[in-house]
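[1] fold the following for me, if possible:
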Amino acid sequence: MKTAWGCCHQQRLALVEGDHVLTSATHYDLAAVRHGAPMTLIRGGEERDLAAIVAMGQVRASPFRFHLDRDVDFVRHAIMKRRLLAGFGIAGARQLHFFIAEEGITAAAYVVISIVGDMWTLEECGDRDPSGARVGAILQALIAREPVERRPTIRAWLPRGFVPPQVTIVSAKPSTEVMMVRSLGKTVAQPPLSGDDVLYWRSDIF
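    Numbering: from 1, shown residues only. As a prediction, this is how the structure comes out:
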C-alpha cells in the first residue's frame, strides 16, 4: 500500500459491525495498465481439436448460402498447407500459429494466423460463442506476449456478422483474390450471390 503504485491504485475495504469485521475486499484500479493479456488460457492446437473445429464451422456456416462443407480431413489439409508454406520458406520469414481456447478438454475457440513481419493474417477462426469473444481474447493474449513490440496489423476475411467485441475494423476493401465458381449442373443460384451470402476463409484458397 505504501509503494508508488499501491497508494494510488489499491484500496482495502471492510464491512464491520461494531468491532467485528464481517467481510473484506481489496480493490485494484488497473485503468492505467495499457497492455496486458486477458484471463484466457490458450494452448497450441492439436489433432484432437479438429472434430470440435469442424463442429464450430458447421454452426457458423449454416446461415450462408455459399460455404464449403469442411470435414476433419479438409481442416487438417488447410492447416498443414499453411504450415508447409511457412516451414519451406526462408528461415524466419513466415510463421504459422494455431491456438486453441478450451472449456474442460474441448476446444471452444481457435485461430490460425500467418505472420510475416508485423503483418498478421487471420487465415481462419471459430468460436462456440456467436459473438466471437473467445477469438478476440485469443488475439489479445497473443499480442500481449510481446507488450513492448509494435502492435501488429491484422487482416482477415470475416463473415457477415462476425466481429469479436475486442476487435475494431479500421478499414475494409475488396479482396484482390478472385474466386471463380461454376455450377456442375444447369441450376443457377437465384438470386445471385452477394458478399453477405458467402463464408469463405483465406485458408480455403486452394
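[2] going forward, measure contacts and count neighbours with C-alpha atoms only.
    Will do.
[3] find the residue ranges of this protein scoring beneath the pLDDT cut-off.
    For the chain, applying pLDDT under 70 flags the ranges 31-32, 34-39, 147-149.
[4] again, only this time at 80
    Counting by pLDDT under 80, the chain has low-confidence residues at 1-2, 4-6, 30-40, 146-150, 179-183, 186-189, 206.
[5] so what strands line up beside the lengthiest strand in the chain?
    Longest strand in the chain, counting residues (DSSP state E): strand 106-116. Sheet neighbours of strand 106-116, with direction, are listed as strand 95-103 (antiparallel), strand 119-127 (antiparallel) (DSSP bridges).
[6] residue 72: which of these is closest?
    Closest to residue 72 of the strands paired with strand 106-116 is strand 119-127 (Cα to Cα; 14.1 Å).
[7] quick one: contacts of the helix or strand that the closest one is followed by?
    Of the helices and strands lying after strand 119-127 in sequence (DSSP states H and E), the nearest is helix 133-144. By Cα atoms under 8 Å, 6 or more residues apart in numbering, the surrounding residues in contact with helix 133-144 are 35-38, 40, 42, 99-101, 108-111, 125-127, 151-152, 164-167.
[8] how far is the longest strand of the chain from where the chain is centred?
    6 Å (Cα atoms, centre = their mean, to the nearest Å).
[9] buried residues, that strand. List them.
    Across strand 106-116, burial judged by 16 or more other Cα atoms under 10 Å covers 107-115.
[10] do you know how far residue 137 is from residue 6?
    Computed with Cα to Cα, to the nearest Å, the distance linking residue 137 and residue 6 is 27 Å.
[11] and if you look at residue 160?
    Note on residue 160: its distance to residue 6, by Cα to Cα, is 45 Å.
[12] for this structure, what's the longest helix?
    Longest helix of the chain, by residue count under DSSP state H: helix 72-87.
[13] domain parsing for this structure?
    Here the domain parsing of the chain from automatic domain parsing is 1-33, 42-170+182-204.
[14] thinking again about what came up before, so residue 137 and residue 6 - more neighbours on which side?
    residue 137 (23 against 12; other Cα atoms under 10 Å).
[15] mind checking how far that one is from residue 167?
    10 Å.
[16] with residue 93 instead?
    Taking Cα to Cα as the measure, residue 93 falls 26 Å from residue 167.
[17] neighbour count winner among those two?
    The residue with more neighbours, out of residue 93 and residue 167, is residue 167; 14 against 11, by other Cα under 10 Å.
[18] quick check: closest non-adjacent residue to the more buried one.
    The spatially closest residue to residue 167, leaving aside those adjacent along the chain, is residue 136, at 6.5 Å (Cα to Cα, 6 or more residues apart in numbering).
[19] what's the burial count for residue 165?
    For residue 165, using other Cα under 10 Å, the count is 13.
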